[in-house]
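In: I need the structure of the sequence given here:
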Amino acid sequence: MTEMSRIPFGQPVEPCASHDKWVLLDTLTRAASCFGLNHRTLTVLRALLTFYPERALPDVPGLAVVFPSNRTLSQRLNGMPESTLRRHLATLVRHGIVSRQDSANRKRFARFGGLAFGFDLSPLSRLADALFQAAEAEQRTQQEIAALRARIAATRVRLIDDGALPVDHPLIEDSRRILRRKVDAPTLQVVLEVLETHVDKTRKIPAPAEKMSATDSEIERHIQTTDKAESVCKESAPQNPQPHQQDVPLDEVVSTCKEYQSFLPDVPSDWPNLIRAAQTLYPMMGIDRATFDEAKHRIGSQGTAVAVLCMLEKLPVIHKPGAYLRGLSKKAMQGRLNLRGMIRALESQRLSADNRV
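Out: Have a look, this model is predicted:
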């Protein structure tokens, strides 16, 4: 029987289409969920493939028949019970991955002359195109799920850091449980939309501050009649970061902030180099991309770079750098951010430390 299993039964006279059996198995493994297969069934299929001597698997029916007994298969599968083995074989047949070629007594064997009874593996080769398409679709789905999970985690942390929702809030707890489970993309999308709704609400928090002045009618009339231009300037100030950029000289920033040299030895010679240095540093400090982009919008690219370098100087005492930078952005939006004051405070601390030494 061992010698007979090596005989190339039914080899075609004319060439036929074929595919690498191990590539097909790897592709089917990545697309297993699309075909309703689990890892145990794939393990049985791998064992069946080992009984076919050639690596290239033909797609012509009857040219890739293997005929191991259940006992032989069970031994190759490290003693899998035959009842379990039969169940997985039936699953492969039911999904069209392999097909049966049974003899009259349902025994598996081969005879000289190309007659063989057992499991035909050629359906797997004929499914090659469908397998590749399903694997690509599954990869795109997994990438989408990974992106949604990352956005949910970042949004959840942001809501907690901003104090918009407490840690024990049902929405925060439900999102934590969702991230620990294996769920589909639509479910994750719904959770993300609910979380982002609360993020949008937190962004609108500064708006009621203007309504507080409406309690005094005289002050409201004064703003509307005499200080309207000044009010417009205050509203547009966060969108134009130039005042912050011009207030702090570059050489003063570079001479005061030294910690960045541990990561970037080259001293920035101009503002573009300083901005690039800040873009390199902020992920190392635990600041997410959305927070950094928001700071650039409200403070300006130069102002954000100065803020990042100042934060790096006292990073050991900043427990949540992302929340700290968002606080600076809010101050900039309210016109209360003083970057030069931050630089002077760092200079004073450095001088005090030098005097103590």
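
In: what residue ranges in the stretch 101-250 of the chain score low on pLDDT?
Out: The stretch 101-250 of the chain contains residues with pLDDT under 70 at 103-115, 200-247.

In: secondary structure element for Pro268, which one?
Out: Here Pro268 sits in a region with no helix or strand, counting by DSSP states H and E.

In: what is the neighbour count of Leu171?
Out: 15 (other CB atoms under 10 Å). Where C-beta positions appear, they are placed from N, C-alpha and C, glycine not excepted.

In: following the helix or strand hosting it, which helix or strand comes up?
Out: Here Leu171 sits within helix 170-179, counting by DSSP H and E. Sequence-wise, the next helix or strand downstream of helix 170-179 (DSSP H and E) is helix 185-203.

In: so how far is that following helix off the chain centroid?
Out: Relative to the mean C-alpha coordinate of its chain, helix 185-203 is positioned 17 Å out (CA atoms, centre = their mean, to the nearest Å).

In: any idea of the angle that helix forms with helix 170-179?
Out: On the basis of axes from the mean of the first three to the mean of the last three CA atoms, to 10 degrees, helix 185-203 is oriented at 150 degrees to helix 170-179.

In: buried set for helix 185-203?
Out: Leu188, Val191, Leu192, Leu195, His198, Val199 (16 or more other CB atoms under 10 Å).

In: what does the domain assignment say about this structure?
Out: In the assignment given by automatic domain parsing, the structural domains of the chain cover 4-126, 131-203, 240-356.

In: which residues of this structure fall in strands?
Out: Remark: strands assigned in the chain by DSSP state E are 18-20, 56-58, 65-66, 99-101, 109-111, 115-120.

In: so which of those strands is the most surrounded?
Out: Between the strands of the chain, strand 65-66 has the highest mean count of neighbours, a mean of 24, where neighbours are mean count of other CB atoms under 10 Å.

In: partners of that strand, with directions?
Out: Its sheet considered, strand 65-66 pairs with strand 115-120 (antiparallel) by DSSP bridges.

In: how distant is the partner strand from the center of its chain?
Out: Here strand 115-120 is found 46 Å from its chain centre; the criterion is CA atoms, centre = their mean.

In: just stretch 117-124 next, same as before
Out: For stretch 117-124, the distance to the chain centre is 39 Å (CA atoms, centre = their mean).

In: and Arg140, how many residues sit next to it?
Out: 10.

In: with Leu89 instead?
Out: Around Leu89 there are 20 other residues, counting by other CB under 10 Å.

In: Ala295 now?
Out: Considering only other CB under 10 Å, Ala295 is surrounded by 25 other residues.

In: isn't it up against Thr304?
Out: Yes - using CB atoms under 8 Å, Ala295 is in contact with Thr304, at 4.5 Å.

In: ok so, going back, so which of the strands of the chain comes closest to Ala323?
Out: For Ala323, the closest of the strands of the chain is strand 18-20, at 52.4 Å, according to CB to CB.

In: what sits against Glu347?
Out: Shown in contact with Glu347 (CB atoms under 8 Å, 6 or more residues apart in numbering): Thr256.

In: returning to what we had before: helices and strands around the helix holding Leu171, which ones?
Out: Other helices and strands packing on helix 170-179, by 3 or more CB pairs under 8 Å, 6 or more residues apart in numbering; DSSP states H and E, are helix 128-162, helix 185-203.

In: switch those helices over to a markdown table; also include distance to Thr91.
Out: Listed next are the helices and strands packed on helix 170-179 as a markdown table, based on distance: least, CB to CB, whole Å:
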| stretch | distance to Thr91 |
| --- | --- |
| helix 128-162 | 16 |
| helix 185-203 | 26 |
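
In: dump the strands of the chain into CSV; add distance to Leu148 as well.
Out: Formatted as CSV, the strands of the chain follow (distance: least, CB to CB, whole Å):
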stretch, distance to Leu148
strand 18-20, 34
strand 56-58, 37
strand 65-66, 42
strand 99-101, 39
strand 109-111, 51
strand 115-120, 40
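
In: closest one to Met342 among those strands?
Out: That would be strand 18-20 among the strands of the chain, by CB to CB, at 61.8 Å.

In: ok, and what's touching that closest one?
Out: Applying CB under 8 Å, 6+ apart, the contact partners of strand 18-20 are Arg55, Ala56, Leu57, Pro58, Asp59, Ser125, Ala128.

In: if I look at the first one, how far off is Val98?
Out: I take that to be Arg55. 17 Å (CB to CB, to the nearest Å).

In: which one of those two has more residues nearby?
Out: Remark: of Arg55 and Val98, Val98 carries more neighbours, 24 against 12, as counted by other CB under 10 Å.

In: how close does the more buried one sit to Thr50?
Out: 14 Å.

In: could you do Ala290 as well?
Out: 50 Å.

In: before we move on, what about Ile299?
Out: For Ile299, the distance to Thr50 - CB to CB - is 63 Å.

In: tell me which of the two has more neighbours.
Out: Set Ile299 next to Thr50 and count neighbours by other CB under 10 Å: Ile299 wins out with 25 against 12.

In: wait, what's in contact with the nearest residue to Ile172 once chain neighbours are set aside?
Out: Leaving aside its sequence neighbours, Ile172 sits nearest to Leu165 (CB to CB, 6 or more residues apart in numbering; 5.4 Å). Residues near Leu165 by CB under 8 Å, 6+ apart: Leu159, Leu171, Ile172, His198.

In: distance-wise, check Leu165 relative to Val60.
Out: 62 Å.

In: next, Lys182: phi, psi?
Out: With angles defined as degrees, to the nearest 10, Lys182 sits at phi -100, psi 100.
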